[in-house]
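J.: return atomic coordinates for the entry below.
(one chain, ligands or ions: 2)
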Amino acid sequence: MLIRQKPSWEIKESEATPEGVYRNRRQILQDLGLGGLAASGAPAFWFSPSSKSKSAGGPLAEVATDPSLKLYPFPRNKAYGFKRPVTPEKIVATYNNFYEFGSQKDIWQAAQALKIRPWTIAIDGLVEKPQIIGIDDLLKIMPKEERLYRHRCVEAWSIAVPWSGFALKALVAFAKPLASAKFLAMRGFEDPAMAPGQNQSWYPWPYVEGLTMAEATNDLAFMVTGMYGKPLPPQNGAPLRLAVPWKYGFKSAKSLVRFTFTDKMPETFWSRVDGSEYGFWANVNPEVPHPRWSQASERELGAGKRIPTKLYNGYGAEVASLYANMPGATPPYNRKLFM
Ligand SMILES: Nc1nc2c(c(=O)[nH]1)N[C@H]1C(S)=C(S)[C@@H](COP(=O)(O)O)O[C@H]1N2
Ligand SMILES: [Mo]
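T.: Ligands and ions are numbered 1, 2, ... in the order given. Okay, here's the model as predicted:
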């Protein structure tokens, strides 16, 4: 028997339609101060393009000069949504984790130093043929779409964001991995002259992350190139970052330059920092506490309240089958799958 199940997040459009999500091209340019008309109500600080000095512009200054700006907005894929308000863009663009630029949340100004062109992406390891491709060439050929995703940081705060990008499985198909590939390892940029945090030698730079091939080719795994209908600002991981919303936020690695297919479970940045607190799997589970705090609820940024955290961050329908045969995927939980 076939039953059409309503996705659990399905709600009236109006509930998930705050600023930004339905912007058309004219509005985008206005917001960035490029539309001829002054963007009414928007403080100059917030939108002014960085024509003179990088630090003089606001958190979206680099977006205004991004060479991919004309590609946006991407068409919304309505298969992905959520039952909560979209987090205000200003919060998502100014409250960040990006240790390459410092270990505090207020790194957006420091991150303006990230040089996002030229930007090439290497694809290698267990593939038919290794390749190097520029981000703009990749953007040309990938199936571009916008998706509304929740993002749950292991530190127990969360945001809800309209990401733009393409399915990771489209990139995997482009890479043509061999049958022997079991994992996809991802690597962030390395340039201590540009990123002051990378001079902190107690961190194992560069930032590296990884997924199993089944995870990487799951429909939900998404490569992000933009947010709120515009290119990503540097502080959010321009020009290319991962979004795996059923896992803790640290899996969603930013500013990626290399994708390596391998038959060994890849090392990850945070497990190298502290493998007893941050593991490879990092699936969200409210019932498995972090060694130092509860994961039962999360602070919804911009909403000023705590909400309950859900197993797989509410994406169980999409991803629970990936782990169904693994011991500890159901109670009693195997901590390693959820840390
Ligand atoms: N390269 C890199 N990627 C990273 C991080 C980082 O420090 N460096 N932090 C991670 C963490 S802990 C989180 S919660 C998210 C934050 O993404 P956002 O700043 O866009 O909200 O990025 C993840 N990706
Ligand atoms: Mo995080």
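
J.: need the strands for the stretch 201-339 of the chain, in chain order.
T.: If DSSP state E, counting those that start in this stretch is used as the criterion, the strands of the stretch 201-339 of the chain fall at 208-212, 222-227, 230-231, 241-243, 256-262, 297-300, 305-308.

J.: around ligand 2, which positions in the protein sit nearby?
T.: Taking CB under 5 Å from the ion, the part of the chain that reaches ligand 2 is made up of 97, 153, 249-250. Every residue, glycine included, has its C-beta placed from N, CA and C.

J.: residues in contact with the residue in the stretch 151-300 of the chain positioned nearest to ligand 1?
T.: Using CB to the nearest ligand atom, the closest approach of the stretch 151-300 of the chain to ligand 1 is made by G249 at 2.7 Å. If you count contacts by CB atoms under 8 Å, 6 or more residues apart in numbering, G249 has them with 97, 151-154.

J.: quick one: the strands of the stretch 201-339 of the chain as JSON lines, columns for mean neighbour count too.
T.: Putting the strands of the stretch 201-339 of the chain into JSON lines (neighbours: other CB atoms under 10 Å) gives the following:
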{"stretch": "strand 208-212", "mean neighbour count": "22"}
{"stretch": "strand 222-227", "mean neighbour count": "26"}
{"stretch": "strand 230-231", "mean neighbour count": "26"}
{"stretch": "strand 241-243", "mean neighbour count": "23"}
{"stretch": "strand 256-262", "mean neighbour count": "21"}
{"stretch": "strand 297-300", "mean neighbour count": "18"}
{"stretch": "strand 305-308", "mean neighbour count": "11"}
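
J.: I'd like those laid out as a markdown table, including mean pLDDT and distance to G102.
T.: Shown next, in a markdown table, are the strands of the stretch 201-339 of the chain (pLDDT from 0 to 100; distance: least, CB to CB, whole Å):
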| stretch | mean pLDDT | distance to G102 |
| --- | --- | --- |
| strand 208-212 | 99 | 19 |
| strand 222-227 | 99 | 21 |
| strand 230-231 | 98 | 22 |
| strand 241-243 | 99 | 17 |
| strand 256-262 | 99 | 20 |
| strand 297-300 | 98 | 21 |
| strand 305-308 | 96 | 27 |
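
J.: let's have these in CSV, adding distance to I121.
T.: Shown next, in CSV, are these (distance: least, CB to CB, whole Å):
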stretch, distance to I121
strand 208-212, 15
strand 222-227, 10
strand 230-231, 16
strand 241-243, 12
strand 256-262, 6
strand 297-300, 32
strand 305-308, 36
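
J.: want to try JSON lines for those strands, with distance to ligand 1 as columns?
T.: Listed next are the strands of the stretch 201-339 of the chain as JSON lines, based on distance: least, CB to the nearest ligand atom, whole Å:
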{"stretch": "strand 208-212", "distance to ligand 1": "8"}
{"stretch": "strand 222-227", "distance to ligand 1": "8"}
{"stretch": "strand 230-231", "distance to ligand 1": "13"}
{"stretch": "strand 241-243", "distance to ligand 1": "7"}
{"stretch": "strand 256-262", "distance to ligand 1": "8"}
{"stretch": "strand 297-300", "distance to ligand 1": "11"}
{"stretch": "strand 305-308", "distance to ligand 1": "17"}
